[in-house]
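**Student:** Just a sequence and a predicted model for now, questions to come.
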Amino acid sequence: MESLKLWFRNAELNPHCSWSIVYKELVKACLTLGYQVHSVNTPPKFPHQWIEVWWGAPDQWEWSTKQVKKRVGISLSESDQLRTDTLGEALAALRQCDILFVPCESAKQAFLQMPIDIPIMLWPFGVDPDVFRYQPIDFDTKDFSFLHLGATQFRKGSWLVPEAFIRSFSDDDAVTLTIASYDKTEMMTQLQEEYASHNQIRFVVQAHPVPTTHYHGHHVLVSPHLAEGWGMCITEAMALGMPSIVSRCSAPREYFSSDFGWWVEMSDDYAPVSTCLPGANAFWRLPDVNDLADKMQYVYTHRDECADKGRAAAVHVRKQLTWVHGAEVALNHLCQQ
């Protein structure tokens, strides 16, 4: 295989947000595969020998004026989430790409509807199995705990989780729910106020240096998202052997299945994307909160299935969903261009 030289670039990112984590993992995976990587925005020596790689939202890409070997973009921004007020900047940046990589087919289909004439190929994201190690979870314990993790916000369906929880369980049930976020979002504040009197629901706002910390002590991840460009918390939970309850929509449809947890079915209700992303002109279908409540109750009373699904998920991640696997798939394509 050709020895590629990859100049990775990104806009200023919050070090605790998922986009920053993705950038670091993409770089690390390429280094693991033996490629040369320059991961600062200043140009490398002899830039004409390097492939310039931008990660993130296309409207934030600023291509170098230097002569480079090739221009490559990596994005998970689906077309229905692009703001109309920055669409011109996004299209201008995309049209300078020689190739665009996206993590999933749902994102690919969205970009195929845009007025751009460039190859669009997959660069699947993943998990570092050395960090997210599989350890069997004790599902027979008296106390059972659900976890909703990620930026607490509308797109993640965060407000549906405590509502489904209180529909499913009484004060006498030995069950808890943790809603955790690396940052105190507006919705986190709203939920803390609304459910302050519910002793079985706790809220955690903290960015841990050890990425597995939030998962410890929990049994099942709950992700009733409206849309996901990938869904890192889901694949991380899978790697740890934690089954998940996941909305049957967008990217998780391509790597998650009922072998690894349970689907939340979608309702017939829709909400504007602009509720979460001002300027976006599209709609998201909402997950069915009653179905979510039913699945949470089912899991609580069928714990024997949890261990089997969690174990199967961990095996699947190590076979097909590591960062190195995804980078290998993409870079094989890149070498053939």
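**Tutor:** Received the coordinates, thanks.

**Student:** Domains in the chain, by residue range?
**Tutor:** The chain breaks down into these domains under automatic domain parsing: 5-126+322-336, 144-320.

**Student:** can you give me the helices in this protein?
**Tutor:** Ranges of helices in the chain, per DSSP state H, are 18-32, 87-94, 105-112, 160-168, 186-194, 232-240, 289-301, 303-320, 323-336.

**Student:** what about these, which gets the closest to Asp138?
**Tutor:** With CB to CB as the measure, helix 303-320 is the member of those nearest Asp138 (8.9 Å). In this view, the C-beta of every residue, glycine as well, is placed from N, C-alpha and C.

**Student:** buried stuff in that closest one?
**Tutor:** Residues of helix 303-320 classed as buried by neighbour count (16 or more other CB atoms under 10 Å): 303, 306-307, 309-318.

**Student:** Quick one: distance of it to the chain centre.
**Tutor:** Here the centre of helix 303-320 is set off from its chain's centre by 19 Å, with CA atoms, centre = their mean, to the nearest Å.

**Student:** Mind checking the pLDDT average for it?
**Tutor:** When the per-residue pLDDT values of helix 303-320 are averaged, the result is 97.

**Student:** what's Phe154 in contact with, if anything?
**Tutor:** Residues touching Phe154, when contacts are defined by CB atoms under 8 Å, 6 or more residues apart in numbering, comprise Met187, Leu226, Ala271, Thr275, Cys276.

**Student:** go with 10 Å
**Tutor:** Shown here is Phe154, whose contacts under the criterion CB atoms under 10 Å, 6 or more residues apart in numbering are Leu160, Thr185, Glu186, Met187, Leu226, Ala271, Val273, Thr275, Cys276, Leu277, Trp284.

**Student:** pLDDT below threshold where in the protein?
**Tutor:** Counting by pLDDT under 70, the chain contains low-confidence residues at 1-2, 77-84.

**Student:** excluding its backbone neighbours, what's nearest the most centrally placed residue in it?
**Tutor:** In the chain, the centroid-proximal residue (CA atoms, centre = their mean) is Gly231; its distance is 2.4 Å. Once flanking residues are discounted, Gly231 sits nearest to Pro252: 5.0 Å by CB to CB, 6 or more residues apart in numbering.

**Student:** so which of the helices of the chain comes closest to Val127?
**Tutor:** When the helices of the chain are compared by CB to CB, helix 232-240 sits nearest Val127, at 4.4 Å.

**Student:** The closest one vs helix 18-32, what angle?
**Tutor:** 50 degrees (axes from the mean of the first three to the mean of the last three CA atoms, to 10 degrees).
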